[in-house]
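Participant: Coordinates only, no sequence provided:
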């Protein structure tokens, strides 16, 4: 390879890096002005709203540097790559702003893939053109979604894409492929320039705008990278090895969510990165370790292209595949059996409770779940005056959710009930002021908040209990919330000193069909779990976790306790 070309690739990477480095702060300003903000949620661990337009800077860096400094004779292909990349970035931008849903995103991704096909960028593995087109679309859509799913920790997607694009750049230089090397250099620079702002703790996110563009560009690199001196039987696996980590992570998530009857597109904390973090690694060590895994896979890919022995190549490839299968099994077993590991289960728990029984339930939920949503609905009598009354256990609920209870004790006075603030205001204050393992969600009488509806939809478990009249019945009486809960396939556990009496009380409002399991004190016999005391949050947590595990491993219909009251 001529040194002039090496200098051109270096200039391309530096130019892309500078554009991303300078452009990202501009996207921060625009994002805050137009409301492109990612707020904390059950599946998002950041504590404050973060701008989410960084992907625009990545797009500008990639496209501009490629058009200005890229080189090669394949002008039609370069044009189709730029148009396809722009299209998929626009799809991501719309999704970040309005939410397209999985079907809309897949249609946009397939359209971007077809733009490539019309420009002459497609696989050439089969002798049949239609099969090649189908494989191209499947590869593009698959890798786009793999990078989109991998964007789950600060700096992870950008760093993995940077390392992978560096591997493609090296492979292209070794094989004299000008367009592929230009693409790799542009993508490498764009990722590094953005990573300065996205590495933990991130000040901006790339959103679907950036993650889908990264997946698109890496998929194109995999298609365009060819090895004329190697047989197809030896070269086809090279892009798969380079992108082995995103492919592995996506496979793990698909298997895990299928086993737990969860949609694959629904966010979660069941990725490779999250599982490594639960083993005790810090955020930064997890990310750096996965950078190292991607670099190691890139090195293996280079060895595959340089090894003259086809048998040795297949031995390396089969070894990597078997290691991946073994790790899939091990990581899934770790998540599926939290009682036998140091891992916390990947759970979002919703708590709907009232009276003095609320606090032990919230504590139990916080001890087993990654995120707890406490839904509060003032009764009609409470809202008849000028201001809603604050639940008697409000301060204790905040203390139970707080990562640092001392901060709550210092800054939330004991006489908070008489502070003159409304329930919604106090809840928002607690959510924003304290670092909590969840969120307080307040409804109006007979009107469900969007956050409460989303919480129940995404919940892995719902726990109800305490004084039913204070909060439970007002919440379940909201028809939209009751309908969403009824459609859920997750366990809905009643924690109560007398489940039969509680079910009779709920039956008066036709709400008893919402209960699937129950926890009661010892001596109260029935089809439920028994504990020594309902004031012992550890005992409640153990019983609830057991119910969750039984439901995870069950493929049968969801049981309902209705009828027990008339038993």
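Facilitator: Happy to help now that I have it. Because the structure is a prediction, the values reported are computed rather than measured.

Participant: in the protein, which spans are strands?
Facilitator: According to DSSP state E, the chain carries its strands in the segments 37-38, 50-51, 348-354, 371-376, 438-442, 461-466, 491-495, 517-521, 529-531.

Participant: Least confident of those, on average?
Facilitator: Among the strands of the chain, strand 37-38 carries the lowest mean pLDDT, at a mean of 70.

Participant: and residue 25, what is it in contact with?
Facilitator: The neighbourhood of residue 25, defined by Cβ atoms under 8 Å, 6 or more residues apart in numbering, consists of residue 197. (Glycine included, C-beta is placed from N, CA and C.)

Participant: Show the model's pLDDT score for it.
Facilitator: Looking at residue 25, its pLDDT is 92.

Participant: show me where pLDDT drops low in the stretch 401-550 of the chain?
Facilitator: 407, 409-422 (pLDDT under 70).

Participant: Could you rerun that using 90?
Facilitator: Within the stretch 401-550 of the chain, the set of residues satisfying pLDDT under 90 comprises 401-440, 442-452, 454-455, 457-461, 466-473, 475-491, 499-500, 502-517, 522-539, 541-550.

Participant: Tell me which of the strands of the chain sits nearest to residue 196.
Facilitator: strand 50-51 (14.8 Å; Cβ to Cβ).

Participant: what's the neighbour count on residue 535?
Facilitator: Residues contacting residue 535 under the criterion other Cβ atoms under 10 Å number 13.

Participant: Please name the bridge partners of residue 463.
Facilitator: Under DSSP bridges, the beta-bridge partners of residue 463 are residue 351, residue 493.

Participant: can you tell me which residues contact it?
Facilitator: With contacts taken as Cβ under 8 Å, 6+ apart, residue 463 has the following neighbours: 349, 350, 351, 352, 353, 361, 364, 365, 493, 495, 544.

Participant: so the first one sits right up against residue 374, yeah?
Facilitator: The reference is to residue 349. No: in this structure, residue 349 sits apart from residue 374 without contact. The criterion is Cβ atoms under 8 Å, and the distance is 9.4 Å.

Participant: For the strands of the chain, give me JSON lines that also has distance to residue 191.
Facilitator: Formatted as JSON lines, the entries for the strands of the chain read as follows, by distance: least, Cβ to Cβ, whole Å:
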{"stretch": "strand 37-38", "distance to residue 191": "20"}
{"stretch": "strand 50-51", "distance to residue 191": "18"}
{"stretch": "strand 348-354", "distance to residue 191": "31"}
{"stretch": "strand 371-376", "distance to residue 191": "29"}
{"stretch": "strand 438-442", "distance to residue 191": "32"}
{"stretch": "strand 461-466", "distance to residue 191": "38"}
{"stretch": "strand 491-495", "distance to residue 191": "42"}
{"stretch": "strand 517-521", "distance to residue 191": "47"}
{"stretch": "strand 529-531", "distance to residue 191": "50"}
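
Participant: do you know which of these lies nearest residue 251?
Facilitator: strand 348-354 (22.9 Å).

Participant: ok now that closest one, how far from the chain's centre?
Facilitator: The gap between the average C-alpha position of strand 348-354 and the chain average comes to 22 Å, counting by Cα atoms, centre = their mean, to the nearest Å.

Participant: mind giving me the domain split of this protein?
Facilitator: In terms of domains, the chain is parsed into 3-340, 348-566 (source: automatic domain parsing).

Participant: could you measure the spatially closest residue to residue 561 that is not a sequence neighbour against residue 326, distance?
Facilitator: The shortest distance from residue 561 to any residue other than its chain neighbours is 4.7 Å, reached at residue 515 (Cβ to Cβ, 6 or more residues apart in numbering). Distance, residue 515 to residue 326, by Cβ to Cβ, to the nearest Å: 41 Å.
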